[in-house]
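Enquirer: Fold the stuff below for me.
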Amino acid sequence: MMMSRTVKKPTDKPRNLPPIRVRKEPPTVSEAVAAAQDLADDVEQQVEIAAGLIGLSPEEVRPHVLQAAQVLAARPKAERAPERIISTGNGLRGPRTVIVERRAGRPLVERRTRPPLDGRR
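Expert: Numbers count the residues shown, from 1 in each chain. Reported below is the predicted structural model:
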């Protein structure tokens, strides 16, 4: 005797999805200052960039940028890895592709060592 199972029929009409909610969160002062330092070398430009990112006035942001600049100046500068530029193709074959690679040194990782094996256990 064969028993039949009920099979769900697929629905033909698509379901409406709920609207996507995007949370807008302005960056913190330290995040905005770090981004401004990466984008510009001049302190006044950094103040303008950070103030624009946060939405505050430049006078409110200036002390934070100056403090971060002092901390950055006190830190020893790391040497940059040499650049290697690879170019392929010429004008007749197609567009020219240029790849710039910069390899950083391996970060120093403190490794934990296991205690020596003791045969008494």
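Enquirer: What segments of the chain are strands?
Expert: 83-88, 97-102 (DSSP state E).
Enquirer: so where do the helices sit in the chain?
Expert: 29-39, 43-54, 58-74 (DSSP state H).
Enquirer: still on that earlier bit, rank the strands of the chain by mean pLDDT and give me the bottom one.
Expert: Among the strands of the chain, strand 83-88 carries the lowest mean pLDDT, a mean of 62.
Enquirer: that older thread, most tightly packed of the helices of the chain?
Expert: Mean neighbour counts were compared across the helices of the chain using mean count of other C-beta atoms under 10 Å; the top stretch is helix 43-54, at a mean of 19. All C-beta atoms are positioned from the backbone trio N, CA, C, and that covers glycine.
Enquirer: pull the helix or strand with minimum mean pLDDT from this protein.
Expert: strand 83-88 (a mean of 62; mean pLDDT, DSSP states H and E).
Enquirer: thinking again about what came up before, for the helices of the chain, which one sits closest to Pro19?
Expert: helix 43-54 (27.0 Å; C-beta to C-beta).
Enquirer: Now do the closest one: which elements does it pack against?
Expert: helix 29-39, helix 58-74 (3 or more C-beta pairs under 8 Å, 6 or more residues apart in numbering; DSSP states H and E).
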